[in-house]
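[1] generate a structure from the sequence data that follows.
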Amino acid sequence: MTPPAEPSRALIVTADDFGAHPAINEAVELAHRDGVLNAASLMVSARAAADAVARARRLPSLRVGLHLVLADGAATLPREQIPDLVDPDGHFGSDMARQGLRFFFLPHVRRQLAAEIRAQFEAFATTGLPLDHVNTHKHFHMHPTILSLILSIGRGYGMRAVRLPQEAGEPLWLRPWSALVRRRLARAGMAHNDYVLGIARTGGMDEAAMLDALAVLPPGVGEIYFHPAVASGTAISPTMDGYRHADELAALLSPRVRAALDRTAPRRGGFRDVFPEVFTEVSAKVPAEVPT
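    Below you'll find the predicted structure:
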């Protein structure tokens, strides 16, 4: 009797916040060159973005995507063009619930939001790096207005894959939203992971957490995301007190983690490696204006 086939698995190992700090950029380079990191998500307007781009150009096998920042970070456009989105220093606030309501109900705020999203896609395009994927800082594309704008604008900049931030064991109230995002990505023809790992352990994806996750890895395409750096916590950002960035880097460099990955998910890479058929004949033309 023929034994049943093993469930098909593929895994994308990603670092977020690429460009936010030189210590993050150094960790991304180390984790890709000497560890198991496949991809990184670039903050195009962060203070160390130029350094991140230079490192990515030295690492052609590192898949780089756009980490759109629409909360708790620096905007790309000057404040004069998006006065209803940012503070006097040109930074988005951290009150995502309030901002989400404004995005939904206020047309003039949506127009500014669309302009900023377009500017971040444009900034990524100027790097010359192939666009592997798109996601958002703090998973803000779970908001329906933000997702609509990303889908409308991103396709013309070569976007073909978007992170689905759905993790096993997520709260019951969030599951309908995740299901809606999944359906919208499918209707738009966007490649996406089946599940994500890293939300519940954000800032603490150390070796033990990674090995635990790999021991019960479900079938399908998964994305595990990290926040690696050669320093930790408030040394990276005042808002990251308690984040163990260096422990996450150690997990990505761990021989035990590599061995576990090779056993459980030998098919790994960026989104364009896992979904090559979606990336055929990608057009990088600038899209038409988005209706708002």
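[2] helix/strand/coil for the nearest residue to Leu106 once chain neighbours are set aside?
    In space, and not counting its chain neighbours, Leu106 is closest to Asp84: 7.7 Å by CB to CB, 6 or more residues apart in numbering. For glycine as for every other residue, the C-beta is placed from the backbone atoms N, C-alpha and C. Counting by DSSP: H, G, I helix; E, B strand; the rest coil, the backbone at Asp84 sits in coil.
[3] and the strands in the stretch 51-200 of the chain?
    Here the stretch 51-200 of the chain has its strands, by DSSP state E, counting those that start in this stretch, at 63-68, 73-74, 91-92, 131-136, 195-197.
[4] kindly reformat these as CSV containing mean neighbour count and distance to Ala259.
    Below are those laid out as CSV (neighbours: other CB atoms under 10 Å; distance: least, CB to CB, whole Å):
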stretch, mean neighbour count, distance to Ala259
strand 63-68, 27, 23
strand 73-74, 20, 36
strand 91-92, 19, 41
strand 131-136, 26, 26
strand 195-197, 22, 18
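[5] JSON lines for those strands, including distance to Leu149 and mean pLDDT?
    Below are the strands of the stretch 51-200 of the chain laid out as JSON lines (distance: least, CB to CB, whole Å; pLDDT from 0 to 100):
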{"stretch": "strand 63-68", "distance to Leu149": "10", "mean pLDDT": "98"}
{"stretch": "strand 73-74", "distance to Leu149": "17", "mean pLDDT": "96"}
{"stretch": "strand 91-92", "distance to Leu149": "15", "mean pLDDT": "96"}
{"stretch": "strand 131-136", "distance to Leu149": "11", "mean pLDDT": "98"}
{"stretch": "strand 195-197", "distance to Leu149": "22", "mean pLDDT": "96"}
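[6] distance to Gly156 for those - can I get that in JSON lines?
    Shown next, in JSON lines, are the strands of the stretch 51-200 of the chain (distance: least, CB to CB, whole Å):
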{"stretch": "strand 63-68", "distance to Gly156": "13"}
{"stretch": "strand 73-74", "distance to Gly156": "24"}
{"stretch": "strand 91-92", "distance to Gly156": "24"}
{"stretch": "strand 131-136", "distance to Gly156": "11"}
{"stretch": "strand 195-197", "distance to Gly156": "26"}
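[7] now stretch 189-203: how far from the chain's centre is it?
    Centroid displacement of stretch 189-203 relative to its chain, using CA atoms, centre = their mean, to the nearest Å, is 9 Å.
[8] and what of stretch 224-239?
    15 Å.
[9] so for that stretch, what's the average pLDDT?
    Stretch 224-239 shows a mean pLDDT of 95.
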